[in-house]
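> The following block contains a protein sequence and its predicted model.
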Amino acid sequence: MSRGRVLIIEADEWLTTLISKFLSDAGYTTQVATTARGGFDDAVSSQPDCVLCDVVLPDIDGFWVTRRIRADKTKLAGTPILLLAQKDDHAARLEGLALGADVFLTPPFRYDEVIAQVDALLGMALRLRARRDSVHTDAPTSVGDTAAVHGDVSQISVPTFLTMLEMERRTGRIRVQVRGKPAIVIEVVEGTIVLTQSGPTEKDPIDVLREVVQWKKGKYTFEPQNIDPSQRPQRRISMLLIEAMRLNDEAGR
């Protein structure tokens, strides 16, 4: 039985053959595309469990593929993406992660490392799906026929819930309430943060997240709403969470 379907978007025939063999030996079913456009079309039609894509492709590039997948209106938007590059380029790495790639690998990488990353990405996706399915939802609202969501911080942490919203490119307002503390409000647009408040005061997203990631109890709600992001920067949730946790670690919090 297959462990999952991996779409490989890679123009190098030798590299494709090797990656396909290692993935197949590890129990995965593979599908191959050699161009960005062809790879995205295959992703839409086959809905793979994971996409492994080279940055350099004959027609466009892996960044375009990543952007199109994350902008898709189906469950494809939440598919794990692993980008491969043929050289260590810090700017390219940051661009790939900012666009929504989950992992960015540059040489020298071993093929067992690629397998381990695919294993980890699919495991993460399954855990998030299971947690998402356990969250209580109301009847659909008038905004895009999307349900309001209620959750308990002790069961699904705020970082995990925010990651779900990022993967699903949701738009709306989150309210997190813990007894004795000001309510936290976070507005998201297509899975990016555009506003954060502590009580009535607007604050920097990093400062708000540094506090809320430590909460072990409380309740949260997510209400789908139409939010205009035109006057505010859209900042990727996962990058903000990583920075908030790094600062907390340095401060010993």
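Looks like it came in fine.
> use CA for all of it now, contacts and neighbours both
Will do.
> beta partners for Phe222?
Per DSSP bridges, residues listed as beta-bridge partners of Phe222: Val149, Ile174.
> Let me know the pLDDT of it.
pLDDT recorded at Phe222 is 87.
> Also Val176?
You'll see Val176 listed with a pLDDT of 92.
> Where do the strands of this protein begin and end?
Along the chain, counting by DSSP state E, strands occupy 5-9, 29-33, 50-54, 81-84, 103-105, 136-140, 147-152, 172-177, 184-189, 192-198, 201-202, 219-224, 235-236.
> Mean neighbour count for those strands - can I get that in CSV?
Below are the strands of the chain laid out as CSV (neighbours: other Cα atoms under 10 Å):
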stretch, mean neighbour count
strand 5-9, 25
strand 29-33, 19
strand 50-54, 26
strand 81-84, 25
strand 103-105, 19
strand 136-140, 13
strand 147-152, 18
strand 172-177, 21
strand 184-189, 24
strand 192-198, 22
strand 201-202, 12
strand 219-224, 21
strand 235-236, 19
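> among the ones you listed, which gets the worst mean confidence?
strand 136-140 (a mean of 54).
> I'd like the strands of the chain written out as TSV, with distance to Asp72 added.
TSV is the format used below for these (distance: least, Cα to Cα, whole Å):
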stretch	distance to Asp72
strand 5-9	16
strand 29-33	19
strand 50-54	14
strand 81-84	14
strand 103-105	19
strand 136-140	21
strand 147-152	19
strand 172-177	18
strand 184-189	14
strand 192-198	15
strand 201-202	31
strand 219-224	18
strand 235-236	16
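> Relative to Val65, which of those strands is closest?
Val65 lies closest to strand 50-54 among those, at 8.1 Å (Cα to Cα).
> The closest one pairs with which strands, and in what direction?
Applying DSSP bridges, strand 50-54 is found paired with strand 5-9 (parallel), strand 81-84 (parallel).
> Neighbours of Lys181, how many?
Residues lying near Lys181 (other Cα atoms under 10 Å) number 10.
> per-residue confidence at it?
At Lys181, the model reports a pLDDT of 89.
> What does it show for phi and psi?
With angles defined as degrees, to the nearest 10, Lys181 sits at phi -130, psi 150.
> how about the nearest residue to Leu162 once chain neighbours are set aside, what does it touch?
Spatial nearest neighbour of Leu162, excluding adjacent residues (Cα to Cα, 6 or more residues apart in numbering): Ile237 at 6.9 Å. Residues in contact with Ile237 (Cα atoms under 8 Å, 6 or more residues apart in numbering) are 162-163, 166, 191-193.
> Please enumerate the helices of this protein.
Under the criterion DSSP state H, the chain contains helices at 13-25, 36-46, 62-71, 90-99, 111-134, 158-167, 205-212, 237-251.
> what's the average pLDDT for the last one?
When pLDDT is averaged over helix 237-251, the result is 85.
> okay, it in CSV with CA atoms only?
Output of helix 237-251 as CSV, limited to C-alpha atoms (Å, rounded to 0.1, in the frame of the first residue of the first chain):
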residue,chain,number,x,y,z
ILE,A,237,2.3,33.3,9.6
SER,A,238,4.9,30.6,9.8
MET,A,239,7.8,33.1,9.4
LEU,A,240,6.3,35.3,12.2
LEU,A,241,5.9,32.2,14.5
ILE,A,242,9.5,31.1,13.9
GLU,A,243,10.8,34.5,14.8
ALA,A,244,8.5,34.8,17.9
MET,A,245,9.6,31.4,19.2
ARG,A,246,13.3,32.2,18.5
LEU,A,247,13.1,35.4,20.5
ASN,A,248,11.3,33.6,23.4
ASP,A,249,14.0,30.9,23.4
GLU,A,250,16.8,33.6,23.5
ALA,A,251,14.9,35.3,26.4
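> roughly how far is it from the heart of the chain?
The chain centre lies 16 Å from the centre of helix 237-251; the measure is Cα atoms, centre = their mean, to the nearest Å.
> Report the buried residues of it.
By neighbour count on 16 or more other Cα atoms under 10 Å, the buried set for helix 237-251 is 237-238, 240-241, 244-245, 248.
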